[in-house]
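**Student:** Got a predicted structure plus its sequence, pasted below:
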Amino acid sequence: MATILPPVDAVLVGFGWTGAIMGQQLCDAGLTVMALERGIWHDTPTDFAPTFVQDELRYMWRHHLFQNVANDTLTIRNNIKQQALPMRRLGSFLLGTDVGGSGVHWNGQIWRFLKSDFKAYSHNLHRYGNAMVNAYDMTIQDYPIDWDEIEPYYDMFDKLCGTSGKAGNLRGQIQVGGNPFEGPRSDEFPTPPMKMPYGPTLFSKAARTMGYKPFPHPTGNLSQPYTNSLGVQLGQCTYCGFCEKFGCGNYSKATAQTTILPYLMTKPSFTLRTESEVLKVETTSDGKHATGVTFVNSAGEEFFQPADIVILSAYSLQNVRLMLLSKIGAPYDPVTGKGSVGKNYAYQTMGSVDVFFEDKIMNPFIGAGALATVIDEFNGDNFDHSGLGFIGGGYIAQMVTGGRPIEMIRTPEGTPDWGIEWKKAAAKNYLHSVNISCHGSVMAHRGNYLDLDPTYRDSFGRPMLRMTFDFTDNELKMSRYLVDKAADIGQAMEGVSSVKKNYRKGSWNVVPYQTTHNTGGTITGDNPGNSVLNKYLQSWDVPNLFVMGAGAFPQNAGYNPTGTLAALAYHSAAAIKNRYLKNPGPLVQT
Amino acid sequence: MDEHNVNRRRLLMGGVLIGTAGALGVLAQQGARSGVPSEIINGVMPWRDGAADVPTITGGTEYRYFTADEQAFIEPAIDRIIPIDPTGPSATEANVHIFLDRQMAGSYGRGDHFYLGGPWPKGTPEQGYQSRLTPAQLYRVTISAIEEYIKRNYDGKTFKQLSVTNQDTVLKGLQDGTIALDSTDGKTFFTMFLQNVLEGYFSDPIYGGNKDMAAWKMIGFPGTHYDYREWVERHGEQVPYATVGIKGRPGWSES
């Protein structure tokens, strides 16, 4: 029934950040590559032009660049006792679609995880003992990769993006002005930090007087023009305040469009099919070899694309779903703890503090996606957790992503959310307030996982993905701790009149926007018994299948995921090029 | 100039592409977006002349969706959310009622970015919107139910006829879920309504609200400027730029 297409060396399912990275890497290694993207082509001058992109309603609240849940959504619940119901409207996370994926509307916050984040289990076991790493039904695991192995690939991504920042640890030497907690970098950032507006400057001063070591947020919003490792040029950020949830009209936010596509799209060995939704990875009858993928185009016609290598490079949640729909690997069962596909779904625990000033003008609209000063004293295991009753942490940042008024009006403690008092407070405080964010980790827990929904189906008749997730006391205690620390810094900022603590309370709620940092479900590990992928993101079950994205994270650290998922993709590409192509088969022996 | 911009734009595509896999007439209601042929792009960086994905602009101040009875609820209700006072415009002074009307008459009102398939159990608050109704349907059903409730509990009056104190009492009762309505959920409605009012007040004037950008001027947001580089390090200074919206900026053209 399906039309069989000519075979290719590699097929990419999804064409966002990781699809573009793998496409470039594999084409340059001499492979023919077909990318299948369910959405449409998007590019800067036509889709995100600076003449109309600063439109809060259209992009943020009407989801113009996001996945349309009318066509495809997932079901959600807090625990296995509840019935999962469809996420009928985007809220907590803003899934992407189309060429460039959610990378089009990201903020450009480019982080590396801590050395200890890669050893979340063994490191915390050693420091805090068996009871702590098993508290709250935690199922945390080590990555099968360590800092020295991944660092060169973080560096590659920085040189692709032109990341602006200041190194805090250069080849083991601690640098003044950078993050002293980061692992050793092999090189300085490609471009210097951005200019800092008033809020981050006051935050930095206050933090320094309290003994912390503030530093500029590493950012893919570029401080100056940059020509990247592929010869593609990016421009200087103009601080327009429309990054997150928006496309950048100025070629100054690192995305697939601004860093890779001009290079990759002109290669004769690369082909992109848009409006092509992959339904399934096809395997041989023994289930041990992928033969290609089946997809449907917008006319409803079905195709089979044969390929020697299949790479899932859709969003992490879609990759998990495709694994389950293709019946590759054993689905995770939260009751028995058996199976790996869907295991260790994690997220991010976001708290914050609003800081109000009596008369200082903060100009919140002068913003950029990662325009911030940050302290990292309370991230990961940078502080002693003894007696605190939790592990993990997060960075604390005074970040000015913009002053978009529908989303970003701040009013002091006790202000009603509508009526005359609200109106007066909105008018009084808009120019005179800032927000300190507390970007916290989520550990893996037995009951947080992904599987297929038994009731709800998408427009193709396939089961929706079902997400079962809640914050545990580990996350809530951790977040409360961060918010209190952030409030202390807020109180110490010059000219402050009051602070408002926004604790993360209660169960995870799908309505308010938090972050689009959905991790786990196709986790990487050191053996097939505890994971879906080996350290090269290669499926343990189907060695010619590779799965990109933050789904590989065994738990989520207190940082934004893109830097790490990009580094893992480059690490995977290097193993495919240097080892797999010469000798196709498992890259890690079991 | 209403709903057709996107499709018109999509139809402009295709010049540099080496073929399409589907015919326009037989597009299925599936795939990430329906109504667009799949493209096969090889060896070229696509470029589409004149294909900018421009926003849809609304015009006029007459009602297109709300009935007279609904208008009689909407106008006083939004002015309780953002009342008249010297600080800045009230919601009606900012044309938020026109914004709401255009939204309900358009794709948002039709629920084009909502999943509305069944079944429809009530769910927990954490599971968010679980109605089978589109926003336009929810407004229609709930406003009528609110007026019924008021008629029963306030001597046959309408929302408009209530004192502002009683209007606030009703709105608060909807917000905290203490008012039970017939066959619809007041809290679900109020959550959407409050959000939509803020959207109308603070969104770009091209969508019908935020008249004269007065809500932006009230708070000190200078609008859709593109370049603040010279002001980043001028800490504590008021940026002297005139407030601008998308329409009327340099580079704007109606065609």
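**Tutor:** Great, that's in hand. Residues are numbered from 1 along each chain as shown, chains lettered A, B, ... in the order given.
**Student:** which residues does the spatially most central residue of chain B contact?
**Tutor:** In chain B, the residue lying closest to the centroid (Cα atoms, centre = their mean) is residue B:103, at 4.8 Å. Residues near residue B:103 by Cβ atoms under 8 Å, 6 or more residues apart in numbering or on different chains: B:109, B:135, B:196, B:199, B:200, B:207. Quick note: C-beta positions are derived from backbone N, CA and C, even for glycine.
**Student:** in what helix or strand does residue B:142 lie?
**Tutor:** Assigned by DSSP states H and E, residue B:142 belongs to helix B:135-153.
**Student:** Now intersect the contacts of residue B:103 with the helices, please.
**Tutor:** Judged by DSSP state H, the contacts of residue B:103 include B:135, B:196, B:199, B:200 as members of helices.
**Student:** For chain B, see how far away residue A:585 is.
**Tutor:** 30 Å (Cβ to the nearest Cβ, to the nearest Å).
**Student:** my guess is that residue contacts residue A:538, does it?
**Tutor:** No - applying Cβ atoms under 8 Å as the test, residue A:585 and residue A:538 come out as separate, 9.6 Å apart.
**Student:** Show me which of the two is the more surrounded one.
**Tutor:** It is residue A:538, of residue A:585 and residue A:538, that has more neighbours when counted by other Cβ atoms under 10 Å in any protein chain shown, with 25 against 10.
**Student:** What separation do you get for that one and residue B:174?
**Tutor:** Separation of residue A:538 from residue B:174 (Cβ to Cβ, to the nearest Å) stands at 54 Å.
**Student:** thinking again about what came up before, where does the residue nearest to the centre of chain B fall, secondary structure wise?
**Tutor:** helix B:96-105.
**Student:** likewise residue A:201?
**Tutor:** Residue-wise, residue A:201 maps onto helix A:198-209 under DSSP H and E.
**Student:** Pretty sure residue A:352 sits in a strand.
**Tutor:** Yes - counting by DSSP: H, G, I helix; E, B strand; the rest coil, one finds residue A:352 located in a strand.
**Student:** and it, bridged to which residues?
**Tutor:** Residue A:352 has these beta-bridge partners by DSSP bridges: residue A:437, residue A:502.
**Student:** Double-check it against residue A:434; I have them as touching.
**Tutor:** No - the criterion here is Cβ under 8 Å, and residue A:352 misses it with residue A:434 at 10.3 Å.
**Student:** Residue A:417: what's it in contact with?
**Tutor:** Residue A:417 touches residue B:194, counting by Cβ under 8 Å, 6+ apart.
**Student:** how about it, secondary structure?
**Tutor:** coil.
**Student:** which is the next helix or strand following the worst-scoring helix or strand of chain B on mean pLDDT?
**Tutor:** Counting by mean pLDDT, DSSP states H and E, chain B has its least confident helix or strand at helix B:5-11, which shows a mean of 35. Per DSSP H and E, helix B:5-11 leads on to strand B:40-42 as the next helix or strand towards the C-terminus.
**Student:** Now do that following strand, average pLDDT.
**Tutor:** Strand B:40-42 shows a mean pLDDT of 96.
**Student:** which is the next helix or strand following it?
**Tutor:** helix B:68-81.
**Student:** ok, and for that following helix, which residues are buried?
**Tutor:** Residues B:70, B:71, B:72, B:73, B:74, B:75, B:76, B:77, B:78, B:79, B:80, B:81 are the ones in helix B:68-81 that count as buried (16 or more other Cβ atoms under 10 Å in any protein chain shown).
**Student:** Can you name the residues in contact with it?
**Tutor:** With Cβ under 8 Å, 6+ apart as the contact definition, helix B:68-81 has outside contacts at A:418-419, B:63, B:66, B:90-92, B:96-97, B:100, B:139-140, B:143-144, B:146-147, B:158-160, B:164, B:167-168, B:171, B:193-194, B:197, B:200.
**Student:** ChimeraX command for the buried members of the residues you listed?
**Tutor:** Command for ChimeraX that selects the buried part of those, burial taken from 16+ other Cβ under 10 Å:
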select /A:418,419 /B:63,66,90,91,92,96,97,100,139,140,143,144,146,147,159,160,167,168,171,193,194,197,200
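**Student:** Quick check: which ranges of the stretch 151-255 of chain B have low pLDDT?
**Tutor:** Flagging of the stretch 151-255 of chain B using pLDDT under 70 yields the residue ranges B:250-255.
**Student:** hey, where'd the helices end up in it?
**Tutor:** Ranges of helices in the stretch 151-255 of chain B, per DSSP state H, counting those that start in this stretch, are B:164-176, B:186-202, B:214-219.
**Student:** and residue A:291, how many neighbours?
**Tutor:** So residue A:291, with other Cβ under 10 Å, has 17 neighbours.
**Student:** What are the phi and psi values at it?
**Tutor:** The phi/psi pair for residue A:291 (degrees, to the nearest 10) reads phi -100, psi -20.
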